[in-house]
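> When you get a sec, could you give me coordinates for this:
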Amino acid sequence: MLRCILLDDDLNGLEYLRLLCDRIAGVQVVRCFNDPLRFLNEEPALDYDVALLDIDMPGLNGLQVAERLQGRPVIFTTAHERFAADAFDREALDFIRKPITRERLERGLVKAREHLEHQTRSSGTITVMTDRGRTLVRTTDIRWVTTPEQEKRDKLMHLSTGLVLRLKTISLDQLLSLLPPHGFARPNRSDIVALNAVQLVAGGEVRLKPDPKDGTVEKRPLGAAYRDAFMAVMQG
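Below you'll find the model as predicted:
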């Protein structure tokens, strides 16, 4: 799921853009804003992948907003072609002229998805929203992730450092899409395990290597519905 923030001072244009996003599979609108200052005030607490910013706005324009996002991926939307050069000077993923069509927006969001996938593969890190705020995690530090009995919308990420992070409001499918495709797999509906942390698979369970901190051995059930896919990833 590609998570988007929308910013446009024109309420009609903002609602139209939200409706277009809702019609594109795999896209989720996290929040809509018509005030750039309010967006910047709330932005540090928001978990999103790309911001779609109108350029021509009173107070702060979209170019100035992008400068304050510290390199977060942005797509500019505007009715004015004269802003194009400035937009790409700020390394925008795309520049979409209004009136926006679904097809043109979809092409821009495909670029955003490809950019994020490339970042994940090349950096070896993912950014997740936790109870500590936005957190950068090295994928090589992740041992396993599970769904707690309470607050099932959250997930508990166990790291090789011994730290346990509480991820906020994310599904296992969403998380798996952020992780290296050949390094992690689901043994059941509630867990994700890092393949390099697996010691053996036997007797309907996945046994992890001893925890490097305290030596405990974690065992996770291998569900019948997940077995074939899990073993396929394990065998490369």
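> Tell me the secondary structure of Asp56, please.
coil (DSSP: H, G, I helix; E, B strand; the rest coil).
> wait, it sits on Phe76?
No: Asp56 lies out of contact with Phe76 (CB atoms under 8 Å); the separation is 10.2 Å. Yep, even glycine has a C-beta here, placed from its N, CA and C like the rest.
> So which of those two has more stuff around it?
Phe76 (27 against 17; other CB atoms under 10 Å).
> Bridged to that one, which residues?
With DSSP bridges as the criterion, Phe76 is bridged to Leu53, Phe95.
> Farthest from the middle of this structure: give me that residue.
In the chain, Gly203 marks the outermost C-alpha relative to the chain mean, sitting 34.4 Å out by CA atoms, centre = their mean.
> tell me the domain ranges of this protein?
Per the record, the chain has its domains at 2-123, 125-234, by automatic domain parsing.
> quick one: average pLDDT of the last one?
Per-residue confidence for domain 125-234 averages out to 91 on the pLDDT scale.
> you'd agree Cys21 is in a helix?
Yes: counting by three-state DSSP, Cys21 is part of a helix.
> The longest helix that the chain contains: which residues count as buried?
Identified as the longest helix of the chain according to DSSP state H is helix 102-123. Buried residues in helix 102-123, counting neighbours by 16 or more other CB atoms under 10 Å, are found at 105, 108-109, 112-113, 116, 120.
> Could I get the phi/psi values of the one residue sitting closest to the centre of the chain?
Per CA atoms, centre = their mean, the C-alpha nearest to the average position across the chain is that of Asp49, at 5.4 Å. Main-chain torsions, Asp49, degrees, to the nearest 10: phi -100, psi -40.
> Work out for me the element the closest residue in space to it that isn't next to it in sequence sits within.
For Asp49, ignoring the flanking residues on the chain, the nearest one in space by CB to CB, 6 or more residues apart in numbering is Arg3 at 4.7 Å. Assigned by DSSP states H and E, Arg3 falls within strand 2-7.
> pull the CA atoms of that strand into PDB?
Coordinates of each C-alpha in strand 2-7 appear next as PDB, following Å, rounded to 0.1, in the frame of the first residue of the first chain:
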ATOM      1  CA  LEU A   2       1.400   3.400  -1.100                       C
ATOM      2  CA  ARG A   3       0.500   5.900   1.700                       C
ATOM      3  CA  CYS A   4      -0.100   9.500   0.500                       C
ATOM      4  CA  ILE A   5      -0.500  12.900   2.000                       C
ATOM      5  CA  LEU A   6      -2.400  15.500   0.000                       C
ATOM      6  CA  LEU A   7      -1.900  19.200   0.300                       C
END
